[in-house]
Each structure stands twice: as C-alpha cells, then as structure tokens.
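Engineer: sequence first, predicted coordinates after that:
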Amino acid sequence: MTKQFDLVVHGATGFTGRLVVEYLLRRYPAGSGLRWAMGGRSADKLAAVREEIGAPTDTPMVVTDSADPDSLRALTARTRLVLTTVGPYQLYGNELVAACAQTGVDYVDLCGEPAWMRNMIDAHETQARKSGARIVFSCGFDSIPFDLGVLMLQNEMKARFGKAASRVCGRVRKMKGAMSGGTVASLKATMAAQSDPRVLDLPRNPFSLTPGFEGPRQPSGSKPMIDAALGLWVAPFVMAAINMRNVHRSNFLLQHAYGSDFVYDERFCCSKHKRQSCPCLIFAKV
C-alpha cells in the first residue's frame, strides 16, 4: 500500500523539531520528490510554526498525540517513517515505538537515554523484525559523528589492510553549544528513574544495547590521561556514555563487522593539537 508521506516530523513545534523542518524546507522543497509533513499535538501551533519559518501554506500537517493510541495508528497509516524529537523518550516515546514496530513503520529519534532504549529493544525487537520496521535510536548530533566516523574508518581499514581495526579511539578536539531544554528534561527523567536498580546497572555496561553479547573489557574513560598516539592530555567526554554504546550496537547489528573483540573509547582533548580543522578525530590503534 502506498503511504501518503515518506516522512513525518513528530514534534515539529518544538525547538529541535522546528530545526528539522527548516532543514527539510531548504533541502527538500515541494516537488523535490520527498513527501514530508509536520506533526504535532496542536494544529494551531503547527500552523503558527509553518508561518513563522516561511513554509508554503500547503505544507502538510499531521495532528497526533503520543498518548493517544488511535492517533498513533492514524499516523503510522499515513507515513513510511516517523522522525520524532518529542522527549524525554522514556516519558513520551513508549507508545510511538510500539505502534511503529507493530505496523512496520520505520522510526528515528535522537535519544540519549540508554536504559529506555534497552527497554524498547527488549519489548519490541521481535515484533519489529516481523513487521519490517527499522527502529533507529540516537540519530542526533551527539552520536552520529562517532557512529558513522567509526564505520567510515573501518571501511577504509578493510580496503587498505584487508581487515577491521580491533581498537578505535574517538577524540573531541573542540565543541560549541549548550544543552537544550529537551536534553535537560531527559536528564531529569533519567535521574528520577534511577530508583530502579536495572536503570543503574545498564549505564555501567558498555554492551547494554547488545542483548546476549558481552565483548571484551573496555577503557573506562573516567580519568584524565596522556594519549600516547596524540601526545595530548585527554579527559572524560560527557557524551561517551551513550556514544560508545551506540557504536557497539552498530557493530552488533552489522554481525560484528568490526570484530567480536572490538574495543572503543571516547575522550576530550585538553591541550591544543597542531591540526584544529576538524572538531573530532577518530583513529585506529595498532
């Protein structure tokens, strides 16, 4: 059955959702071939955002509510993929993931809540495989540069040397920005959920998103140290807790294309490096 839309941005009236819509408006205007729509709980707010960003008045809007199962069924009936920016996901994402897994609709978010992600994997992976739904977490700025960076490096390693590197490092040389309201809300929700011992245990395990697989011991990254390869002091990186788990999950889903003995860590560079053109560096250690 042909769906009305290729993509619906769920949460288009929020800070991040609005940025996504502005990008789609520039990159995929009407007639580009991508059929996308703005989604949210309020038609009035969607219309206001549409006007504020200068989108055409015929830009489609889909009114839906994460807490309303009928609304979610109507949403999944109209689109091939839902891109959701509505967090904290542990508060507002359960029903949407379930609906996508049930109906075979692809799902993308920018989640940084590993305990919730594992709960969704345990609850819905079997159903998603049956329906054909692809449930993809953490597709935001924090994880994508490292996850794709490792993939590109490993592809190059295989092309040059015939095998993947068993040890890869991610290093952040500079960064700019601040936490959004959604990120702060996700952190608060995660802290509130820590009365559950399982929620405390999962973040300590770098393989918490690879159910049934435990790889080798990974660097803790909890203390400053000198990186011998770079000749720099490096320190703990705030996003390593989620990024490392996503990199290991990608390796897991790729049937251990990086090897079952793969070791990975991320740190922040504390001293200047002679090459500052790129904000992050991903390299293999032999």
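Structural biologist: Received the coordinates, thanks.
Engineer: C-alpha only now, for contacts and for neighbours.
Structural biologist: Fine.
Engineer: which stretches in the stretch 151-286 of the chain count as helices?
Structural biologist: In the stretch 151-286 of the chain, the helices defined using DSSP state H, counting those that start in this stretch lie at 181-192, 197-201, 240-253.
Engineer: mean pLDDT for those: which is lowest?
Structural biologist: Mean pLDDT values for those show the minimum at helix 181-192, a mean of 50.
Engineer: how about the helices of the stretch 1-150 of the chain, start to end?
Structural biologist: Using DSSP H, counting those that start in this stretch, helices in the stretch 1-150 of the chain cover 15-27, 43-52, 69-78, 89-92, 94-103, 114-131, 144-161.
Engineer: what's the closest of those helices to Phe213?
Structural biologist: Phe213 lies closest, by CA to CA, to one member of the helices of the stretch 1-150 of the chain: helix 114-131, at 13.2 Å.
Engineer: roughly how far out does the closest one sit from the chain middle?
Structural biologist: Remark: helix 114-131 is offset 15 Å from the chain centroid, using CA atoms, centre = their mean, to the nearest Å.
Engineer: per-domain residue ranges of this protein.
Structural biologist: 7-136, 144-178+214-284 (automatic domain parsing).
Engineer: among the ones you listed, show me which one is buried the most.
Structural biologist: Comparing the domains of the chain by mean neighbour count (mean count of other CA atoms under 10 Å), domain 7-136 ranks first with a mean of 19.
Engineer: how about the helices of the stretch 1-150 of the chain in JSON lines, adding mean pLDDT and distance to Phe5?
Structural biologist: Shown next, in JSON lines, are the helices of the stretch 1-150 of the chain (pLDDT from 0 to 100; distance: least, CA to CA, whole Å):
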{"stretch": "helix 15-27", "mean pLDDT": "96", "distance to Phe5": "13"}
{"stretch": "helix 43-52", "mean pLDDT": "97", "distance to Phe5": "17"}
{"stretch": "helix 69-78", "mean pLDDT": "94", "distance to Phe5": "6"}
{"stretch": "helix 89-92", "mean pLDDT": "94", "distance to Phe5": "23"}
{"stretch": "helix 94-103", "mean pLDDT": "97", "distance to Phe5": "15"}
{"stretch": "helix 114-131", "mean pLDDT": "97", "distance to Phe5": "19"}
{"stretch": "helix 144-161", "mean pLDDT": "96", "distance to Phe5": "25"}
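Engineer: would you list these in TSV and tack on distance to Phe252?
Structural biologist: Shown next, in TSV, are those (distance: least, CA to CA, whole Å):
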stretch	distance to Phe252
helix 15-27	29
helix 43-52	39
helix 69-78	28
helix 89-92	23
helix 94-103	20
helix 114-131	13
helix 144-161	12
